[in-house]
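K.L.:
got a structure for you, letters missing:
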């Protein structure tokens, strides 16, 4: 099981906000100084890059991503931002933590290890549905399947962005058949992107912080209710906000 690690890019310049507005699923004008879960989708409406973003200052934005997706994100920015007026600073290591176990707790990141406890962060992240996309799961899930809209990470009133037509169609005309659940299983801890009994693993951690697997695991998975009912997995609660119906109300 690969341990998660993260990097931060800074985008700064007069076109930074405009560029990001045409890329991410969130509304840039509503960002604050707290990290917001968001995504950059591909043209099929699937999450290509799972991000956390905040506005640091005027025309300056901080973007955190899984380290193994960084090179692909840099290439994406270079391709789509070639004619935009902004710069990107050299990436730096970031260390994650969660301030509380609440469903709406904003993930926080620091360049310092002083508050860094990877085991606790993974445990709280899985418990609160705070998924993280890695290279193994790029392009695998639609944002609604990950309940990103229930975390405030999709704005259906903003203008166009990559994959917007597909994402909006799912919201206004249908609903995802499979979506995020928290489960517990026996045996070795699966890797992100693995399939267990027709169920896709988003993230997983062993139950015992001292073991790499074998004693059981807890995971965030995307599954249909039917496949989940048939699987040899125990369904655990997510916070109430993430157990609501994924369809439009």
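P.N.:
Perfect, thanks for sending it. The structure displayed is predicted, hence computed values, not measured ones.
K.L.:
could you measure from the residue nearest to residue 158 when sequence neighbours are not counted over to residue 172?
P.N.:
Distances taken as Cβ to Cβ, 6 or more residues apart in numbering put residue 27 closest to residue 158, at 4.4 Å, once the chain neighbours are dropped. Glycine gets a C-beta too; all of them are placed from N, C-alpha and C. Separation of residue 27 from residue 172 (Cβ to Cβ, to the nearest Å): 17 Å.
K.L.:
so where is this structure shaky, pLDDT-wise?
P.N.:
Scanning the chain for pLDDT under 70 picks out the ranges 1, 98-106, 209-214, 249.
K.L.:
what about the strands in it?
P.N.:
Assigned by DSSP state E, the chain shows strands spanning 6-12, 36-41, 47-57, 60-66, 87-88, 92-98, 107-110, 179-185, 195-196, 199-206, 217-223, 234-236.
K.L.:
most distant residue from the centre of this structure?
P.N.:
Taking Cα atoms, centre = their mean, the residue of the chain most remote from its mean C-alpha position is residue 83, at 27.7 Å.
K.L.:
from residue 19, how far out is it?
P.N.:
According to Cβ to Cβ, residue 83 stands 10 Å off from residue 19.
K.L.:
buried ones in stretch 137-150, by neighbour count?
P.N.:
For stretch 137-150, a neighbour-count test (16 or more other Cβ atoms under 10 Å) marks 137-138, 140-150 as buried.
K.L.:
what's the most distant pair in the residues you listed?
P.N.:
Based on Cβ to Cβ, the longest span within those runs between 138 and 150 and measures 21.5 Å.
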